[in-house]
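Trainee: compute the structure for the input listed below.
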Amino acid sequence: MALGDSITAGFQSGVLVESLQRESYPSLIARQACVPMTLPLILDPGHPIDNQPRPFNLDFCWTAPASVDPSLNDIRGRTQPSIQPTNLAIPGAKLNELRLYSDGTSCPVNETACPLFPLVLSSPLVNTHVNPLSGTAQIGSELMQAFVERPTLVLLWAGNNDALDAALNTFRPLLTGSLAFKRHLIQVVRTLRRLGADIVLANIPAVSSIPHMLRVGRQIGQLPFTVLQDCVIGPVDITRALEQSIVPRGVKDLPGEEFPAGSLVPFKRLGSLNLITQLEVGAKLCVGKPLDGSESTFGVLDVLFPSDVDYIDRRITEFNASIASTAARYNLPVVDVRTMLETLPDRSFTSPFFSLDGIHPSNEGQRLIANAFIAKINERILASGSFGGLTEVLPLVDKAVLQNCKPPP
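Mentor: Purely as a prediction, here's the structure:
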């Protein structure tokens, strides 16, 4: 069973959809172990958590909503909502939300994840079982569904959004407190250990490790998608101009002021840029013009200052210390995702590790994560003879060759 957030769910390139859910690291690990993993598969074209138009074709990306087919905003449901999933991860969920449930009309904590609670967690368990801890009739949360299902092995990677929300929204108060994070983690782990389940944890990467966070004063660089911007003649391809642009240093409404070196701005903020130049050549002609970095485009609330980056990273370090101490307390293995990302040879938008949104892993990234989990699982199998009900070491995931499982007798 898998619990967590968007990466564990298989969210990529701004969408949760069945073809990508099948490439999530829990699904790959289950395939290598020859054990079933039931996914809450979302119908094509998938579910964008921010309800913004997004393309399903992964070869390109639109940034001009007016030019996008509004049908892409459709929220599609589960392919088999009556079947109980064993990957219960919810894109956008914070650690504490593994313990909570929403019907989608009122959110327990996090507004971003709200629509996906009922979409992912709808199952026979939602209304037919009593919560064994509180005695209430509804048992919809990730943790409570796991409690009833009684898994032997749980892949638990949660807490990314406890830090990432603050970075992507450039707003420190969105950070979860260190003591609250530790308390929530212990509550989740303790509940799962009461089942006798073996657990594999993973830690939290630094926000500066993802390509979505751009450095002010640096060139944006090559992009793996096409960017369009509206003009009087219609949508214009400004991809090349954007790639050549320097992320603006000037501070909006503060003439002569510049953001300090090391400041970060989320890529999504670039939607406010205007790279179109209109030329009068008989008829109007629209072309993209790169930014030279001197522009004053972003306000102080749009950017993470170096002090903000350091503050968020210190909080992540505290989160990871809690993960390490909890793992030691309960004798659990921990996948060091933070070091994995920091040592990647390429952390740009065109890195094979990242999907088009520059936040979530691509299929290749999911394979690397799956292999890191498999390595930890195999260590325990070799040390004690079994782990999570598995007695044989798992082969690593090879993108060309997946485990060929024999059907049960």
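Trainee: next, the buried residues of stretch 355-371.
Mentor: Neighbour-count burial for stretch 355-371, counted by 16 or more other Cβ atoms under 10 Å, picks out 355-363, 365-371. Where C-beta positions appear, they are placed from N, C-alpha and C, glycine not excepted.
Trainee: typo on my end, it should be stretch 82-98
Mentor: Residues of stretch 82-98 classed as buried: 84-98 (neighbour count, 16+ other Cβ under 10 Å).
Trainee: looking at the residues you listed, which is nearest Pro248?
Mentor: Of all those, the one with the least separation from Pro248 (Cβ to Cβ) is Gly92, at 28.9 Å.
Trainee: how about that closest one, secondary structure?
Mentor: Applying DSSP: H, G, I helix; E, B strand; the rest coil to Gly92 yields a three-state assignment of coil.
Trainee: could you do the one 4 residues further on as well?
Mentor: Using three-state DSSP, the structure places Asn96 in helix.
Trainee: part of a strand, is Ala383?
Mentor: No. Assignment of Ala383 by three-state DSSP gives helix, placing it outside any strand.
Trainee: any idea how far it is from Ile377?
Mentor: Between Ala383 and Ile377 the computed distance is 11 Å (Cβ to Cβ, to the nearest Å).
Trainee: Leu121 touches Glu142, doesn't it?
Mentor: Yes. Counting by Cβ atoms under 8 Å, Leu121 sits close enough to Glu142 to count as a contact (6.9 Å).
Trainee: between the two, what contacts are shared?
Mentor: Residues touching both Leu121 and Glu142 comprise Leu88, Ile90, with contact defined as Cβ atoms under 8 Å, 6 or more residues apart in numbering.
Trainee: counting neighbours, go ahead and name the busier of the two.
Mentor: Regarding Leu121 and Glu142, a neighbour count based on other Cβ atoms under 10 Å identifies Glu142 as having more, with 29 against 22.
Trainee: ok, the buried residues of stretch 82-98 vs Leu201, which is closest?
Mentor: Leu95 (11.4 Å).
Trainee: quick check: pLDDT value at that closest one.
Mentor: At Leu95 the predicted local confidence, pLDDT, stands at 94.
Trainee: so who does it touch?
Mentor: Leu95 is in contact with Ala158, Gly159, Asp162, Thr176, Phe181, His184, Leu185, Val188, counting by Cβ under 8 Å, 6+ apart.
Trainee: Ala167 and His184: what is the separation?
Mentor: Distance, Ala167 to His184, by Cβ to Cβ: 20 Å.
Trainee: correction: the previous question concerned Thr86.
Mentor: Counting by Cβ to Cβ, the gap from Thr86 to His184 is 22 Å.
Trainee: quick one: the strands in the stretch 151-300 of the chain?
Mentor: With DSSP state E, counting those that start in this stretch applied, the stretch 151-300 of the chain shows strands at 153-157, 198-202, 213-215, 228-229, 236-237, 264-266, 276-281, 283-288, listed in chain order.
Trainee: format these as TSV; extra columns: mean neighbour count.
Mentor: Putting the strands of the stretch 151-300 of the chain into TSV (neighbours: other Cβ atoms under 10 Å) gives the following:
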stretch	mean neighbour count
strand 153-157	25
strand 198-202	24
strand 213-215	19
strand 228-229	20
strand 236-237	18
strand 264-266	21
strand 276-281	11
strand 283-288	14
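Trainee: closest to Glu295 out of those strands?
Mentor: Using Cβ to Cβ, the nearest of the strands of the stretch 151-300 of the chain to Glu295 is strand 264-266, at 12.4 Å.
Trainee: now for that closest one, which elements pack on it?
Mentor: helix 160-168, strand 213-215 (3 or more Cβ pairs under 8 Å, 6 or more residues apart in numbering; DSSP states H and E).
Trainee: 10 Å instead, please
Mentor: Contacts defined by 3 or more Cβ pairs under 10 Å, 6 or more residues apart in numbering; DSSP states H and E place strand 264-266 against helix 160-168, strand 213-215, helix 306-330.
Trainee: packing partners of the shortest one?
Mentor: Judged by 3+ Cβ pairs under 10 Å, 6+ apart, the packing partners of strand 213-215 are helix 160-168, strand 264-266.
Trainee: can I get these in JSON lines with distance to Glu295?
Mentor: As requested, the helices and strands packed on strand 213-215 are arranged in JSON lines below (distance: least, Cβ to Cβ, whole Å):
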{"stretch": "helix 160-168", "distance to Glu295": "22"}
{"stretch": "strand 264-266", "distance to Glu295": "12"}
